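Visitor: Mind looking at a prediction? Sequence and model below.
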Amino acid sequence: MAFIVLYDACVLYPAQLRDLKDFPPETLALHDIEAKHPDDFVVETMDIAEGKILAAVAEMAGRCRNPPRSAAEIARLLKSTVPQAASRILAALDP
């Protein structure tokens, strides 16, 4: 059972989407922790700090050398795992 992120020590999301079932809400609530789907996590984070998400995507794009990629290309690649977030990122990149 793997997880990727602890966000302010209250939110985690599983490494594999099917792992959400491994985190029963009633057990997590005892520790004031909530498990989230990665797409929900990124969308909610964008509601709070869109600029930071866009900066992170731009930074990822800047690190791509072979092949080089734009921030929009990175967002399109994210569509398979975080489709709502990827759509929001694309919309923010191309207002």
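Guide: The structure has been received and is ready for your questions. Numbers count the residues shown, from 1 in each chain.
Visitor: what's the distance between Ala75 and Phe23?
Guide: Using Cβ to Cβ, to the nearest Å, we find Ala75 at a distance of 27 Å from Phe23. The way it works is simple: take the backbone N, C-alpha and C, and place the C-beta from them, glycine included.
Visitor: of those two, who's got more company?
Guide: Between Ala75 and Phe23, Ala75 has the larger neighbour count (other Cβ atoms under 10 Å), namely 25 against 17.
Visitor: tell me the contacts of the more buried one?
Guide: Contacts for Ala75 were tallied using Cβ atoms under 8 Å, 6 or more residues apart in numbering; they are Val57, Ala86, Ile89, Leu90, Leu93.
Visitor: Name the single longest helix found in this protein.
Guide: Residue-count comparison of every helix in the chain, with assignments taken from DSSP state H, identifies helix 38-63 as the longest.
Visitor: ok, then the element right after that one?
Guide: Next along the chain after helix 38-63, taking DSSP states H and E as the criterion, comes helix 71-78.
Visitor: so what pLDDT did the residue located most distally from the centre of the chain get?
Guide: Note on the chain: the largest C-alpha distance from the chain mean falls to Leu30, namely 24.5 Å (Cα atoms, centre = their mean). What the model reports as pLDDT for Leu30 is 86.
Visitor: just for the chain, where's the confidence low?
Guide: Within the chain, the segments meeting pLDDT under 70 span 1-19, 95.
Visitor: Good, wrapping up.
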